[in-house]
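>>> have a look; sequence and predicted model below, questions after that.
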Amino acid sequence: MQTNWKSVLTLTLTTFVLSVVLNLGSNSVLSFLPLTLSFVLLLFIIFIGVLFDIIGVAATAGEEAPFHAMASNRLAGAKQAIWLVRNADAVSTFCNDLIGDVAGTLSGAIGVAIVFQLGSFSLGAGEALATTLMVALIAALTVGGKSIGKSFAISNSTVILMVVGRILHSLERVGLRFDATTVKNKKR
């Protein structure tokens, strides 16, 4: 297996930039949010990581055959779903690695920011305990969510890929390109 260094470098730099932007943005937002909304933001970031993990696993577990019939009936999103299956390695890398890992890192940073918010209520020696519990909570929610999501993604890959295909189709109709409509008659 030959590594495409240009793709690896692009992915690495994209992850770095995305992490910096999202971390700066979330920390800026957290400084203005009350504690309860900070927890909501944390749960949202964890949910995004789990959701994209589900999409990546569904693309890997998916099969083209059901989507060919849908594409022949000109069902919106079917071509995009075929593209997702054919490019499962890239989709999985983007969803599971780039988005999933950035969401995991970002949720940890948000957790630390929440502990600092709690620290302003003078936790004192309890700050180490609060940090430990926050890290444990984030890890438990992330791992538990991804565990449930993986089995769901494997058993419902066709439905998941069709929903994602429809979303991509809608985004393409408003001008965003994902190269999902360039499906050629290539057998797997």
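Sure thing, it's come through.

>>> at the geometric centre of the protein, which residue sits there?
Residue closest to the mean C-alpha point of the chain, counted by C-alpha atoms, centre = their mean, is Phe52 at 3.0 Å.

>>> now the helices for this protein?
For the chain, the helices defined by DSSP state H occupy 5-30, 35-61, 65-72, 78-86, 88-92, 100-119, 126-155, 157-173.

>>> got the angle between the first one and helix 100-119?
For the pair helix 5-30 and helix 100-119, the angle between their directions (axes from the mean of the first three to the mean of the last three C-alpha atoms, to 10 degrees) equals 20 degrees.

>>> which helices and strands does helix 5-30 pack with?
helix 35-61, helix 100-119 (3 or more C-beta pairs under 8 Å, 6 or more residues apart in numbering; DSSP states H and E). To be clear about C-beta, it is placed using only N, CA and C from the backbone, and glycine gets the same treatment.

>>> at 6 Å instead, please
Packing contacts for helix 5-30, counted by 3 or more C-beta pairs under 6 Å, 6 or more residues apart in numbering; DSSP states H and E, involve helix 100-119.

>>> ok, now the fifth one?
Using 3+ C-beta pairs under 6 Å, 6+ apart as the contact criterion, the elements in contact with helix 88-92 are helix 35-61.

>>> also the third one?
In terms of contacts (3+ C-beta pairs under 6 Å, 6+ apart), helix 65-72 is packed against helix 78-86.

>>> low-confidence regions, this structure specifically.
1-3, 27, 120-125, 178-188 (pLDDT under 70).

>>> what's the distance between Leu106 and Lys146?
15 Å (C-beta to C-beta, to the nearest Å).

>>> how about Leu171?
Relative to Lys146, Leu171 is positioned 25 Å away (C-beta to C-beta).

>>> do Ala113 as well
Per C-beta to C-beta, Ala113 is found 23 Å from Lys146.

>>> and if you look at Leu51?
10 Å.

>>> Val29 too?
25 Å.

>>> and Thr132, by the same measure?
Per C-beta to C-beta, Thr132 is found 21 Å from Lys146.

>>> please identify which of these two sits among more neighbours.
Lys146 (21 against 11; other C-beta atoms under 10 Å).

>>> contacts only, for the closest residue in space to the more buried one that isn't next to it in sequence.
In space, and not counting its chain neighbours, Lys146 is closest to Asp53: 4.9 Å by C-beta to C-beta, 6 or more residues apart in numbering. When contacts are counted by C-beta atoms under 6 Å, 6 or more residues apart in numbering, Asp53 touches Asn96, Gly100, Lys146, Gly149.

>>> could you redo the last one with a cut-off of 10 Å?
92, 95-97, 99-101, 103-104, 142, 145-147, 149-150, 153 (C-beta atoms under 10 Å, 6 or more residues apart in numbering).

>>> sorry, back to before: ok, the residue nearest to the centre of the chain - contacts?
If you count contacts by C-beta under 10 Å, 6+ apart, then Phe52 has 91-92, 94-103, 146, 149 around it.
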